[in-house]
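Engineer: Below: sequence and its predicted model.
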Number of protein chains: 2
Amino acid sequence: MDTNRLIYLPLGGAGEIGMNAYVYGYGPKDRERLILVDMGVTFPDMDSTPGVDLIMADMAWLVERASRLEAIFITHAHEDHIGALALLWPQLKKLVYARRFTAEIGRLKCAEAGLPADTITVVEARPQTITAGPFAVQFVPVSHSIPESAALVIDCPAGRVVHSGDFKIDQTPIVGEGWDDARFTEIAAEKPIKALMCDSTNVFSPLPGRSESTLKDNIAELVASSSGMVVATTFASNVARVKTLADAGRKADRSVCLLGRAMKRMVQVAQDTGVLKDFPPTITPEEALEVPRRNLMLLVTGSQGERRAASAQLARGKYLGIEMKEGDMFLFSSKTIPGNERDVLKIVNGFSEMGVDVVDDTGGKYHVSGHANRPDLEHVHRLLLPDMLIPMHGEHRHLREHARLATEAGIEAIVATNGMMIDITGEVPKVVERIDTGRTYLDGTVLIGARDGVVRDRIRMALGGHVLVTVIIDDGEQPMGEPWVELMGLPVTGRRGQPLAEMMEAELDEFVSAAGRKLLSDDTKLDEALRRVVRQVAMEEIGKKPEVTVVISRLVEG
Amino acid sequence: MDTNRLIYLPLGGAGEIGMNAYVYGYGPKDRERLILVDMGVTFPDMDSTPGVDLIMADMAWLVERASRLEAIFITHAHEDHIGALALLWPQLKKLVYARRFTAEIGRLKCAEAGLPADTITVVEARPQTITAGPFAVQFVPVSHSIPESAALVIDCPAGRVVHSGDFKIDQTPIVGEGWDDARFTEIAAEKPIKALMCDSTNVFSPLPGRSESTLKDNIAELVASSSGMVVATTFASNVARVKTLADAGRKADRSVCLLGRAMKRMVQVAQDTGVLKDFPPTITPEEALEVPRRNLMLLVTGSQGERRAASAQLARGKYLGIEMKEGDMFLFSSKTIPGNERDVLKIVNGFSEMGVDVVDDTGGKYHVSGHANRPDLEHVHRLLLPDMLIPMHGEHRHLREHARLATEAGIEAIVATNGMMIDITGEVPKVVERIDTGRTYLDGTVLIGARDGVVRDRIRMALGGHVLVTVIIDDGEQPMGEPWVELMGLPVTGRRGQPLAEMMEAELDEFVSAAGRKLLSDDTKLDEALRRVVRQVAMEEIGKKPEVTVVISRLVEG
């Protein structure tokens, strides 16, 4: 009896959209040789992760098993697939494989982080095959909203798995290879597909997806219609869209200027790697200042309302000396990701105040999604006819709906969220273990764990404010002077109109004066007691329970 | 020459959706007699107002002129129109007028706040007329998503103004009076309309609005289709919707149970005031536990994903012993207000994990808006033919679009945002003054100003953490012991893996030891210097600049 098994374990990306990280393993139980697909980030928000810079999957499980890890594969260069590479690679230190464009983006990240230049190995599209322990892996070009996105064909003695990566069905994607049914028919004809791990992002979109090329005329028409400056934003990584926008600008006799670091970098890398050809010449922001408004088109970062990006800065006033004015047009050639609505609307209203006309994608004329819609997913299911389907890249609702879709088509399916180890050796997927997965935060320049309590404390201070109490105890265990209170993030005066800090000090002084030597000599108990006094005054006076830090200084005879 | 003027001054609600508060004045310049229309709140978010409970317009301008304020009028009982009444009334202490249902909701708020029972006077619909100084005010029934919403007809010697309040055009609103063109034709026929201040919420919705009654069959069909428990949420104040949902439940042989304080209160007040008739009998949550799931329908609060409301609690687990299960259905008979997407999706995913089918308003079958759409606004413009239109109740983009719509129809229009005092005495609206408006926060149990810096400090602590430094200086101006550091909301270890607090203490100790007597004797300079040392270590070690509080304790000879 063969005791080897083939396992699938999402560490991130299953039950959320973002921070993709999927592990495959093959071998005897608990001695499987492993590969990792994608190392992505997700983005923080003030509600749950204030002050955090980036969020990524916790690699603890994999780090403990690093000796069993054969290689890392990156499907494409979107941040939710590659963003954690340079940050987490030092914990794993294994060979990384990616296609040329993806590798180049990854290398720039590695260089900034001071990682070796040979961290990433460039792979050509299938038939090139990477052997990684028991696995043979091929990159299959798929269309998406970034160049050179790839699905992976993962072979091992237990069979063939297709990991879809992010994709859409687009035969005419403007930049890069179009979707090709024949590629997938061939893959399934070579060997039956044991399992398809499949993008679920757009499972709720009922109509077939539209090609990137359908936007060309709409955008050209819109850009030509404006008699002022036109500024357009989209995801910088959507190189095809950036080209469509730039072409529309040129066609309308406009000089094109790229604003924002990500926008310039993406176009540069796409040109350097030969992915992007015939991009119109661009001018610098300084040159743009000399061009008549009706002959100018800016392509800018910040389609999600990011505060520091070019869009938001233009909406607040100037960016590199450039200012928008009444009669100009701003185009969101993008959709707003749920959760970013408020930030995007802030920009729209900022422009409204300036008299700038804002055009968004309400009518579907200026943006298409990069993910396969429901009928497209069904099409791929039929092309590959996998024994089983495991939805990935989606919130729980997406995974559940996608599994239902497969089940209805007679395909075995399971909803597998982060940490669920699935054995796919047999006919049906089986949950064999639940890993305690977590999240790692990039906080400033250091990595911290989501459960370290650091962010929890920040949230508490943000909600309740922070009270600092200092007490000095002399070497006779007696208080010296009176307790001192500093407030941060709390109202200055309480309900009765008196200074809150003074009221706390008075209560603390009374308490300390009456406290016995035993309590005064016990740091833990005294800290607890003083904290309670402060919270009680706060509740009475302002109806809130703030965070309290007590510092007890004990003077020791010198 | 008549030196009296008629002015309009929005203090809230113009340039935002929420915290409505509009002032009208008539009389000699700066001696106008004033009325206030609506006293609403808006809701805080973690991004800009962490820890805040409610946000309302700053009444400072009006408080300074309280002797000139004649009365307060409340158009309807939505929180963004009445929510600040009990909180701000003590600053103004003037007679409040409202229709019966609105008044009853207001009275409950006043009672909770300990305000006099006669704060609010009930007014019948036009022709009843309230005289308030130079103003004669009538309440005109309009349809909206809450019972007894009213437009105001405001007459003064300078002419007639119509203040639309929130409205939609709905002849069959299920509960309360339908929209009646004749009412408005008559109003305009009596006296020409000088100005229309008009709801702008749905100016971007291109199709005519749909009646509340169009949902009845869709909802009944959906509720009947489920073989499990059905739980539906909507705004509690949408009494008509609550009735439609309850009727659908009864029709499908389901006992109806109301969950959530607001839901029960609204239905109760609507019944008590005679607005709501024939509401089906309801059962208690305890009784609900005994009813078979297929015979049960719950109507719950929390359509916007509010964490403490019934919906969110059910999505996390239990609420009053009631639990949702696979095969149950949850209906959002509501739309998600921009900014609440993340919270709502958290609920959807929570239910997805339970195997509960979630139905939302994607297809427009289970919800209609309570505001007039673009063609409906145009219809009202034509009905009233005002000399001028001033859009209100909207973000800047809504106001601008609404003004454009009016201008295109030949009506004078102006975009007037909070703080812009508009003279509407003449033929065209004129900006005559800009008031420095602000916001007041309910923070716990006290009111604070948006500019007090309290919330700013909270945001800073949330983003950067808080470092506390204590130093003791003896009576010889020499440091006693070493500086002490406490961290809150900061990583425990820095880049080099050493404890951050200890590294800060070492640097501070070195600094203090080397500091001259002059620096050590100057609190302000020493505080500044120590703060700088802490921030420098933080930048080097964790790449962040935290908030720093320094406490210098000086021992004085006893």
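Structural biologist: Happy to help now that I have it. Numbers count the residues shown, from 1 in each chain, chains lettered A, B, ... in the order given.
Engineer: hang on, A:N340 packs against A:Q304?
Structural biologist: Yes: counting by C-beta atoms under 8 Å, A:Q304 is a contact partner of A:N340 at 4.4 Å. Where C-beta positions appear, they are placed from N, C-alpha and C, glycine not excepted.
Engineer: For A:H379, give me its contacts.
Structural biologist: A:I169 (C-beta atoms under 8 Å, 6 or more residues apart in numbering or on different chains).
Engineer: Got the confidence number for it?
Structural biologist: Listed pLDDT for A:H379 reads 98.
Engineer: Okay, it and A:D199: tell me how far apart.
Structural biologist: Distance of A:H379 to A:D199, computed by C-beta to C-beta, to the nearest Å: 13 Å.
Engineer: Show me what the longest helix seen in chain A is packed against.
Structural biologist: In chain A, taking DSSP state H as the definition, the longest helix is helix A:523-542. Applying 3 or more C-beta pairs under 8 Å, 6 or more residues apart in numbering or on different chains; DSSP states H and E, one finds that helix A:523-542 contacts strand A:466-473, helix A:500-514, helix A:517-520, strand A:547-554.
Engineer: list the buried ones in it?
Structural biologist: A:L526, A:D527, A:A529, A:L530, A:R531, A:V533, A:V534, A:R535, A:V537, A:A538, A:E541, A:I542 (16 or more other C-beta atoms under 10 Å in any protein chain shown).
Engineer: Touching it from outside, list them.
Structural biologist: A:467, A:469, A:471, A:483, A:485, A:490-491, A:494-496, A:500, A:503-504, A:507-508, A:511-512, A:515, A:519-520, A:544-546, A:548, A:550, A:552, B:443-446.
Engineer: Over to stretch A:489-497?
Structural biologist: Counting by C-beta under 8 Å, 6+ apart, A:461-462, A:464-467, A:499-501, A:503, A:537-538, A:540-544, A:546, B:51, B:443-446, B:448, B:452, B:454-455, B:457-458, B:461 sit against stretch A:489-497.
Engineer: Distance from that stretch to the middle of the chain?
Structural biologist: Per C-alpha atoms, centre = their mean, to the nearest Å, the displacement of stretch A:489-497 from the mean C-alpha position of its chain is 40 Å.
Engineer: for stretch A:440-455, same thing?
Structural biologist: 15 Å.
Engineer: re the thing from before, and the helices and strands packed on helix A:523-542, which one's lowest on average pLDDT?
Structural biologist: Minimum mean pLDDT among the helices and strands packed on helix A:523-542: helix A:517-520, a mean of 93.
Engineer: tell me what it is packed against?
Structural biologist: helix A:523-542.
Engineer: how about the residues of the stretch 51-200 of chain A near chain B?
Structural biologist: Counting by C-beta under 8 Å from any C-beta of the partner chain, the stretch 51-200 of chain A comes close to chain B at A:G51.
Engineer: Mind jotting down where the strands sit in the stretch 51-200 of chain A?
Structural biologist: Here the stretch 51-200 of chain A has its strands, by DSSP state E, counting those that start in this stretch, at A:54-57, A:69-73, A:96-98, A:120-122, A:130-132, A:135-141, A:150-156, A:159-163, A:193-199.
Engineer: The first one - which strands sit beside it in the sheet, and in what orientation?
Structural biologist: Meaning strand A:54-57. strand A:41-42 (antiparallel), strand A:439-443 (antiparallel) (DSSP bridges).
Engineer: Just say which of these is most tucked in.
Structural biologist: strand A:41-42 (a mean of 24; mean count of other C-beta atoms under 10 Å in any protein chain shown).
Engineer: Touching that strand from outside, list them.
Structural biologist: A:12, A:16-19, A:54-56, A:79-80, A:83-84, A:87, A:442.
Engineer: Drop anything exposed from the contacts of stretch A:489-497.
Structural biologist: Counted by 16+ other C-beta under 10 Å, the contacts of stretch A:489-497 give A:461-462, A:464-467, A:500-501, A:503, A:537-538, A:541-542, A:544, A:546, B:51, B:443-444, B:446, B:448, B:454-455, B:457-458, B:461 as buried.
Engineer: For the spatially most distant residue from the centre of chain A, report the pLDDT, please.
Structural biologist: Farthest-out residue of chain A from its mean C-alpha position, per C-alpha atoms, centre = their mean: A:G476, at 56.5 Å. We have a pLDDT of 87 for A:G476.
Engineer: In which helix or strand does it reside?
Structural biologist: Under the criterion DSSP states H and E, no helix or strand holds A:G476.
Engineer: circling back to that earlier point, relative to A:V431, tell me which of the strands of the stretch 51-200 of chain A wins on proximity.
Structural biologist: strand A:193-199 (14.2 Å; C-beta to C-beta).
Engineer: Dump the helix or strand that comes right after the closest one to PDB, restricted to CA.
Structural biologist: Where DSSP H and E defines the elements, the next helix or strand beyond strand A:193-199 is helix A:216-225. What follows is helix A:216-225, C-alpha atoms only, in PDB (Å, rounded to 0.1, in the frame of the first residue of the first chain):
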ATOM      1  CA  LYS A 216     -10.400  51.100 -25.900                       C
ATOM      2  CA  ASP A 217     -13.000  53.100 -27.900                       C
ATOM      3  CA  ASN A 218     -14.900  54.200 -24.800                       C
ATOM      4  CA  ILE A 219     -11.800  55.600 -23.100                       C
ATOM      5  CA  ALA A 220     -10.600  57.200 -26.300                       C
ATOM      6  CA  GLU A 221     -13.900  58.900 -26.800                       C
ATOM      7  CA  LEU A 222     -14.100  60.100 -23.300                       C
ATOM      8  CA  VAL A 223     -10.600  61.500 -23.300                       C
ATOM      9  CA  ALA A 224     -11.200  63.300 -26.600                       C
ATOM     10  CA  SER A 225     -14.400  64.800 -25.200                       C
END
